[in-house]
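*Asks:* I'll drop the sequence and a predicted model, then ask my questions.
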There are 2 protein chains.
Amino acid sequence: MTERERPALLLIDIQKGFDDIEYWGGDRNNPEAEKRAGQLLLYWRENRLPVFHVKHCSTNPESRLAEGKIGNDFMDVVKPEAGEPVIRKNVNSAFIGTDLKQQLDALNVKTVVIAGLTTDHCVSTTTRMAGNFGYETYLVADACSTFDKVGVNGQKFSAQIIHDTALASLHNEFATVIQADELLKLIGDSKVSI
Amino acid sequence: MTERERPALLLIDIQKGFDDIEYWGGDRNNPEAEKRAGQLLLYWRENRLPVFHVKHCSTNPESRLAEGKIGNDFMDVVKPEAGEPVIRKNVNSAFIGTDLKQQLDALNVKTVVIAGLTTDHCVSTTTRMAGNFGYETYLVADACSTFDKVGVNGQKFSAQIIHDTALASLHNEFATVIQADELLKLIGDSKVSI
């Protein structure tokens, strides 16, 4: 991937509702994930590369991410600027019930870079579909985060093991999993220090 | 879910190529998964419910699952009978590059039951899309299996932890994860002992 290929940045569900860590599982990993995503966004803006802000608009009125609630708003660190497209979805995949694929294809995007929340739910699902649609797909590990989870049989899994196993299942099958600093080196001379 | 709702059984990639355990990661979990899937298939046949055999036809000629290789064949325990539809795919999701959704919708299927190989790759991806498309989705834990995996940073993960964390991420978000015997109790009087 190079800057000339004009990769698109897909920022998934980086919304204030995820600040309620207790609600989502009790603990999370990668506390700097949103900051990393913000640094990627800055790079994309400075280089006038395509950015898509994906927003989860839960149809469950009780959800922290329901429209009309403060939690539905994007976090300040990745707040869209005028003219940057916002993709509203109400399922995990940013490609289902949206025109994201049509918008990417209209821009002749071949490469996508994905970051956001949460690693194993909306990020993983969007990454799987991007890879399966044939986009060259990069997933930025340190710009993603998830929460502790309880397994089917009541096992407790830490956010870190959920994150790490989710990435292990995605890497080299659906996407290249990469750190933000490595990605920026790969894409060109970084104008943003990570 | 009841039998009257005519749930469709989606058997994912239960192909001979997965017998080469060394090739796929060195070890696997749920050695009885294919047998369980075969028992589900028998129940579906006896009750004349819709079955879809999903077959991975890798475009990589070196793959154990490439067309023309013996590994591309379905395992004997789930070999399709005449008239049972086979969905050929070449990516992880059974819904991408296929007419599976159209076939399900033509039969007015609202509920799908998913089993097969491997839990965290093709099964997970198909389950995520089924759930996001709005099907009531059941994933049969003991009729799925995966392999050991090496993480992004070289960590070694057992097949069991990859399987268990994959299911934890899917359960109650994309699907109801269930054991085969519980599923058959739920669906009606089981005519097949598990």
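*Replies:* Looks like it arrived, so ask away. Note that the structure is a prediction, hence the values are computed from the model and not measured.

*Asks:* run through who's touching the longest strand seen in chain A.
*Replies:* Among the elements of chain A assigned as strand by DSSP state E, the one spanning the most residues is strand A:136-145. Applying Cβ atoms under 8 Å, 6 or more residues apart in numbering or on different chains, the contact partners of strand A:136-145 are A:1, A:7, A:28-34, A:36-37, A:40, A:110-119, A:123, A:127, A:130-131, A:159, A:163, A:167, A:170-171, A:174-180, A:183, B:152. C-beta coordinates here come from the backbone N, C-alpha and C atoms, glycine included.

*Asks:* so where's chain A uncertain?
*Replies:* Counting by pLDDT under 70, chain A contains low-confidence residues at A:189-194.

*Asks:* quick check: bridge partners of the closest residue to residue A:109 other than its chain neighbours?
*Replies:* Counting by Cβ to Cβ, 6 or more residues apart in numbering or on different chains, residue A:8 is the residue found nearest to residue A:109 once chain neighbours are left out, at 4.5 Å. Using DSSP bridges, the beta-bridge partners of residue A:8 come out as residue A:112.

*Asks:* quick check: residue A:8 touching residue A:110?
*Replies:* No - Residue A:8 is beyond contact range of residue A:110, at 9.1 Å (criterion: Cβ atoms under 8 Å).

*Asks:* more neighbours: the two, which one.
*Replies:* Taking other Cβ atoms under 10 Å in any protein chain shown, residue A:8 and residue A:110 do not tie; residue A:8 has more neighbours (23 against 15).

*Asks:* which residues touch the more buried one?
*Replies:* For residue A:8, the contact set (Cβ under 8 Å, 6+ apart) comprises A:49, A:50, A:51, A:52, A:104, A:107, A:109, A:111, A:112, A:113.

*Asks:* same deal with residue A:78?
*Replies:* The contact partners of residue A:78, by Cβ under 8 Å, 6+ apart, come to A:11, A:14, A:34, A:37, A:38, A:41, A:53.

*Asks:* please list the residues of chain A that sit near chain B.
*Replies:* Taking Cβ under 8 Å from any Cβ of the partner chain as the test, the list of chain A residues beside chain B reads A:91-93, A:96-97, A:120-121, A:124-125, A:128-129, A:131-133, A:141, A:149-153, A:155, A:157, A:161-162, A:164-169, A:171, A:173-174, A:177.

*Asks:* which one in chain A is furthest away from the centre?
*Replies:* Largest separation from the mean C-alpha position in chain A: residue A:153, at 28.6 Å (Cα atoms, centre = their mean).

*Asks:* by contact count, what packs against the longest helix anywhere in chain A?
*Replies:* With DSSP state H applied, the helix covering the greatest number of residues in chain A is identified as helix A:33-46. Helix A:33-46 sits against strand A:8-12, strand A:51-56, strand A:111-117, strand A:136-145, helix A:180-187, with contacts defined as 3 or more Cβ pairs under 8 Å, 6 or more residues apart in numbering or on different chains; DSSP states H and E.

*Asks:* next, the angle from that helix to helix A:180-187.
*Replies:* What separates the directions of helix A:33-46 and helix A:180-187 is an angle of 20 degrees, with axes from the mean of the first three to the mean of the last three Cα atoms, to 10 degrees.

*Asks:* give me the contact list for helix A:33-46.
*Replies:* Outside of helix A:33-46, the residues within contact range by Cβ under 8 Å, 6+ apart are A:9, A:11, A:14, A:30, A:49-51, A:75, A:77-78, A:81, A:113, A:115-117, A:140, A:142-145, A:180, A:183-184, A:187, A:190-192, A:194.

*Asks:* send over it as PDB, restricted to the C-alpha atoms.
*Replies:* Listed in PDB are the C-alpha atoms of helix A:33-46, where the atom choice follows Å, rounded to 0.1, in the frame of the first residue of the first chain:
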ATOM      1  CA  ALA A  33      -7.000   3.200  20.800                       C
ATOM      2  CA  GLU A  34      -9.200   6.300  20.200                       C
ATOM      3  CA  LYS A  35      -6.100   8.600  20.300                       C
ATOM      4  CA  ARG A  36      -4.400   6.400  17.800                       C
ATOM      5  CA  ALA A  37      -7.500   6.500  15.600                       C
ATOM      6  CA  GLY A  38      -7.400  10.300  15.900                       C
ATOM      7  CA  GLN A  39      -3.800  10.400  14.800                       C
ATOM      8  CA  LEU A  40      -4.700   8.200  11.700                       C
ATOM      9  CA  LEU A  41      -7.500  10.600  11.000                       C
ATOM     10  CA  LEU A  42      -5.200  13.600  11.100                       C
ATOM     11  CA  TYR A  43      -2.800  11.900   8.700                       C
ATOM     12  CA  TRP A  44      -5.700  11.100   6.300                       C
ATOM     13  CA  ARG A  45      -6.900  14.700   6.400                       C
ATOM     14  CA  GLU A  46      -3.500  16.200   5.900                       C
END
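
*Asks:* give me the distance between residue A:128 and residue A:160.
*Replies:* 21 Å (Cβ to Cβ, to the nearest Å).

*Asks:* what about the two, which has more around it?
*Replies:* Set side by side, residue A:128 and residue A:160 show unequal neighbour counts under other Cβ under 10 Å, the larger going to residue A:128 at 30 against 15.

*Asks:* on that earlier part again, pretty sure the residue farthest from the centre of chain A sits in a strand.
*Replies:* No - with DSSP: H, G, I helix; E, B strand; the rest coil as the criterion, residue A:153 is assigned coil and is not in a strand.

*Asks:* for it, what are its contacts?
*Replies:* Per Cβ under 8 Å, 6+ apart, neighbours of residue A:153: residue B:164.

*Asks:* for it, grab phi and psi.
*Replies:* phi -100, psi 20 (degrees, to the nearest 10).

*Asks:* chain neighbours aside, what residue packs nearest to residue A:124?
*Replies:* In space, not counting the residues next to it along the chain, residue A:124 is nearest to residue A:166; the distance is 5.4 Å by Cβ to Cβ, 6+ apart.
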